[in-house]
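> Give me a model of this one.
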Amino acid sequence: MRRLVSRPGWPWMLAIGILWTLNAPVGIAAPPNIVLVLADDMVWRDCEPYGNPQVSTPNLARLAREGVCFDAMFTGTAMCSPSRQQLYTGLFPVRNGAFPNHSRVHAGVRSLPHHLQRLGYRVGLMGKTHFGPREAFPFEPVGPPRGNSGRTEFDPDAIERFVLWDTEQPFCLVICSQEPHVPWNRGDADAYFPDTLVVPPYLVDCPATRENLAKYYAEITYLDGQLGAVLEVLGRTSRTDSTLTIFTSEQGSQFPFGGKWTCYDTGLKTAFIARWPGKIQPGSRTNAMAQYVDVVPTLIEAAGGDPAKFDPGRPDVQGQSGFDGRSLLSVLLGQTDTHREFVYGIHTTRGIIDGSECYPIRSVRSRRWKYIRNLNHEQPFENVVTGRGSHIFDAWREEAAGDPLVAARVRAYQHRPAEELYDLQRDPWELQNLADDPARAEVKAKLAAELRRFMAQQGDQGNATERSVRHRKR
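Alright, predicted model coming up:
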């Protein structure tokens, strides 16, 4: 099928071709099609390419064999709406305005569709949106709207129609699954046997944890099937070789310490796999530290643009108008294995379901060390995981009555110190807080200073910013 109405006229396409020829990155012959598949609340470890053989994910394993796995990619907030809006804008959450959950960006902020449309792309989105206002995210809707179940059904036929719309105009399609977000009711949970599962160290091992892990893993396998359908469409339509295909897992799961609602690595660290035949080395991995805000500049450069010449629509407090992110294209092409020295995280409980009245969390991470500030630590940390009769956390509380180690773990989730410091090389699960260790005082001071610098650049005033949430809600 060929629909000329959807693409620019030939003079504009000729101009794009000339600009591409003059500015194309080294090693790239033509602007790629782009497909970005986004999961929903999946701990980065919970698939085969990232070391969890318990979870059947053959399509993720295939994508990893054919592309590159990022081993140090991070979102800046472990909540759905802020994660997605920083991914699409290239700006961290406080600067773009969408730092609480169910929030909106500031007026004038521009996003991925604005930038790629300027480069001649058609830009569509299938599935979960969770952003606002609409004018800041002018994606073309693809596939069915949200159904009565609250989930948008995945539709491979709609993907194929979008891909085949015009053979001459490059496309970008963002596919937002709603798996494995709770409720964990998709996939074949009977394929996973709770008694045989290896429970990761950050969780309390009890029957409720095991039963829910089986359901959660089943939904990841269901998600993997959706990815497989996307890859099949690209193959059937002969678009595989011309497409930069990316999968990312968003933030962590809704288990206690599963990462969502926190600044621990289970929440902020994300799986990120990219395939681009002939450009990306198959079966490769990179340790380059990167963040979601780096994705938009990367896609602009891959599409032939110069990210420095694109305006994200919101300057920082110093009046700088560029993106917070920097292009990862040289990392994708295997030209370098370094990118960032530090990555950053924030969390806001105010305004979330069953959230604490005011419990801002901020973090900074180097390759080895993680530093966390709990800016209102005297209050209990609360969210949907701890409230409204949470089945899993209630089971942990029952286990705590007869086990002091479990009791300490339950308390640690809701009652936190002002500062946390973790040696991720020796303690990847972030179980031993070294913030009060005199031998680590210099490390802590360096990271604390870097966190203050980042907050100042973002205009983040900590408690005052947290209390302004009502102005940012959609």
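> what about the most centrally placed residue in the chain, distance to P417?
With distances taken as Cα atoms, centre = their mean, E250 lies nearest the centre of the chain, 3.0 Å away. E250 is 28 Å from P417, where distance means Cβ to Cβ, to the nearest Å. (C-beta placed from N, C-alpha, C; glycine too.)
> for E399, same thing?
23 Å.
> Would you mind telling me which of the two has more residues around it?
Taking other Cβ atoms under 10 Å, E399 and P417 do not tie; E399 has more neighbours (20 against 14).
> Am I right that that one is in a strand?
No. Under the criterion used here (DSSP: H, G, I helix; E, B strand; the rest coil), E399 is helix, not part of a strand.
> got a list of what it touches?
Contact analysis of E399 by Cβ atoms under 8 Å, 6 or more residues apart in numbering lists 204, 206, 406.
> neighbour-wise, which of those leads?
V204 (23 neighbours).
> residues contacting that one?
Applying Cβ under 8 Å, 6+ apart to V204 gives the contacts 256, 396, 399, 406, 409-410.
> Skipping adjacent residues, who's closest to it in space?
Of all residues not flanking V204 in the chain, W396 sits nearest, at 4.8 Å (Cβ to Cβ, 6 or more residues apart in numbering).
> How are the strands of the protein distributed by residue range?
33-38, 68-74, 122-127, 140-141, 171-176, 243-248, 269-275, 284-286, 290-291, 343-347, 361-365, 369-374, 419-423 (DSSP state E).
> give me the low-pLDDT residue ranges for the protein?
For the chain, applying pLDDT under 70 flags the ranges 1-29, 146-152, 388-389.
> circling back: so the residue nearest to the centre of the chain is in contact with F272, correct?
No. Judged on Cβ atoms under 8 Å, E250 makes no contact with F272 at a distance of 10.3 Å.
> Now do the contacts for the closest residue to F310 other than its chain neighbours.
Nearest residue to F310, sequence neighbours excluded (Cβ to Cβ, 6+ apart): H115, at 5.3 Å. Going by Cβ under 8 Å, 6+ apart, H115 touches 296, 299-300, 305, 310.
> The top helix by length along the chain versus strand 269-275: what angle between them?
Scanning the chain for the longest helix, with DSSP state H as the assignment, gives helix 207-236. Helix 207-236 runs at 20 degrees relative to strand 269-275, counting by axes from the mean of the first three to the mean of the last three Cα atoms, to 10 degrees.
> Who are the packing partners of helix 207-236?
strand 33-38, helix 58-66, helix 156-163, strand 243-248, helix 391-400 (3 or more Cβ pairs under 8 Å, 6 or more residues apart in numbering; DSSP states H and E).
> repeat that for 10 Å
When contacts are defined as 3 or more Cβ pairs under 10 Å, 6 or more residues apart in numbering; DSSP states H and E, helix 207-236 sits against strand 33-38, helix 58-66, helix 156-163, strand 171-176, strand 243-248, strand 269-275, helix 391-400.
> Mind listing the strands the fourth one pairs with, and their directions?
Strand pairing for strand 171-176, determined by DSSP bridges: strand 33-38 (parallel), strand 122-127 (parallel).
> Report the distance from the first one to the chain centre.
If I follow you right, that is strand 33-38. Chain-centre distance of strand 33-38: 13 Å, with Cα atoms, centre = their mean, to the nearest Å.
> Please apply the same query to the last one.
When distances are taken as Cα atoms, centre = their mean, strand 122-127 is centred 17 Å away from the chain's centroid.
> Same question for stretch 179-194.
Per Cα atoms, centre = their mean, the centroid offset for stretch 179-194 relative to its chain is 21 Å.
> go on, stretch 63-74?
14 Å.
> End to end on that stretch, go ahead and measure it.
19 Å (Cα to Cα, to the nearest Å).
> partner residues bridging P141?
Note on P141: beta-bridge partners by DSSP bridges are L125.
> State the distance from it to G127.
10 Å.
> More neighbours: the two, which one.
Neighbour count, other Cβ under 10 Å: between P141 and G127, G127 has more, with 25 against 13.
> Look up which residues are beta-bridged to the residue nearest to that one when sequence neighbours are not counted.
Of all residues not flanking G127 in the chain, C176 sits nearest, at 3.5 Å (Cβ to Cβ, 6+ apart). With DSSP bridges as the criterion, C176 is bridged to L38, G127.
> Angles on the backbone of S356, please.
Per-residue torsions, S356: phi -60, psi 150 (degrees, to the nearest 10).
> What residues does it make contact with?
348-350, 376, 379-383, 386, 414, 466 (Cβ atoms under 10 Å, 6 or more residues apart in numbering).
> Hmm, R416 is touching T349, no?
No. The criterion here is Cβ atoms under 10 Å, and R416 misses it with T349 at 11.8 Å.
> For this structure, which segments are assigned as helices?
Taking DSSP H as the test, the helices found in the chain are 10-23, 58-66, 80-89, 93-96, 112-118, 156-163, 207-236, 265-268, 295-302, 329-332, 391-400, 404-414, 441-458, 463-467.
> could you dump the fifth one to PDB, C-alpha only?
Right, the one you point to is helix 112-118. Taking Å, rounded to 0.1, in the frame of the first residue of the first chain, the C-alpha atoms of helix 112-118 are listed here in PDB:
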ATOM      1  CA  LEU A 112      10.200  12.900  19.900                       C
ATOM      2  CA  PRO A 113       7.400  13.400  17.300                       C
ATOM      3  CA  HIS A 114       8.200  17.100  16.900                       C
ATOM      4  CA  HIS A 115      11.900  16.400  16.300                       C
ATOM      5  CA  LEU A 116      11.600  13.400  13.900                       C
ATOM      6  CA  GLN A 117       8.700  15.000  12.000                       C
ATOM      7  CA  ARG A 118      11.100  17.900  11.300                       C
END
